[in-house]
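Asker: whatever this is, show me its structure:
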Amino acid sequence: MVMLFRISLVVHLAAVISWMAGLLYLIRLFVYHAQEKEEVVKDRFIVMERRLYKIITMPAMGAALLSGILLIAANAHYYLKAGWLHKKLVLVFIMIGVTHYAGALRRKFEAGTVQKSHVYFRVLNEVPTLLMILILILVVFKP
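Answerer: Numbering: from 1, shown residues only. Have a look, this model is predicted:
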């Protein structure tokens, strides 16, 4: 049981790192895409954004969620009573929402219907970072 927990933890940490890297890079691509004027470059951004979202970000999010559920299940009597975990899960659900919002924005870029400026995307890029920091504080300090 200890080995399964440790394997789940390694998978969870790797998946969360990949999820955050994908999400942060995706939104950074949106910054550059929103500034771009040349159609050939915009088309290249569309391909990059699609691949990043579908091949890295979404599978990593799924792996993070699945492995997180396994970690909670492995020690449910402790985790389900831990107030810090409930707060963390609220922030995780917000992060999931941000990820899906990024997916919707990616589809708008692909359709050519994005109405947001590069400044909007620069601010949006800080949201996952802030959520990640708050989640880490809850996990490390368990307030």
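Asker: only C-alpha atoms for contact and neighbour calcs from this point on.
Answerer: Fine.
Asker: could you pick out the longest helix of the chain?
Answerer: helix 2-35 (DSSP state H).
Asker: and the helix or strand just after that helix, average pLDDT?
Answerer: The first helix or strand that comes after helix 2-35 along the chain, using DSSP states H and E, is helix 39-51. Per-residue pLDDT over helix 39-51 has a mean of 98.
Asker: for helix 39-51, buried residues please.
Answerer: Within helix 39-51, the residues scored as buried using 16 or more other Cα atoms under 10 Å are 42, 45, 46, 49, 50.
Asker: which single one of those residues is nearest to residue 23?
Answerer: The nearest member of these to residue 23, counting by Cα to Cα, is residue 49 at 10.1 Å.
Asker: hmm, the closest one is touching residue 23, no?
Answerer: No - the pair residue 49 / residue 23 is not scored as a contact, 10.1 Å apart, by Cα atoms under 8 Å.
Asker: residues in contact with the helix or strand bottoming out on mean pLDDT in the chain?
Answerer: Every helix and strand of the chain was ranked by mean pLDDT, DSSP states H and E. The lowest is helix 76-79, at a mean of 92. Applying Cα atoms under 8 Å, 6 or more residues apart in numbering, the contact partners of helix 76-79 are 72, 85.
Asker: try it again with 10 Å
Answerer: The contact list for helix 76-79, computed with Cα atoms under 10 Å, 6 or more residues apart in numbering, reads 69, 70, 71, 72, 73, 82, 85, 86.
Asker: next one: the third one from residue 1, what distance?
Answerer: Noted for residue 71: a distance of 11 Å to residue 1, by Cα to Cα, to the nearest Å.
Asker: before we move on, what about the fifth one?
Answerer: Using Cα to Cα, one obtains 11 Å as the distance from residue 73 to residue 1.
Asker: just the last one next, same as before
Answerer: Here the criterion is Cα to Cα. By it, residue 86 lies 24 Å from residue 1.
Asker: so which of those two has more stuff around it?
Answerer: Neighbours were counted for residue 86 and for residue 1 using other Cα atoms under 10 Å; residue 86 has more, 14 against 7.
Asker: follow-up on the earlier one: now the common contact residues for residue 49 and residue 23.
Answerer: Here residue 49 and residue 23 have 29, 102, 103 as joint contacts, going by Cα under 10 Å, 6+ apart.
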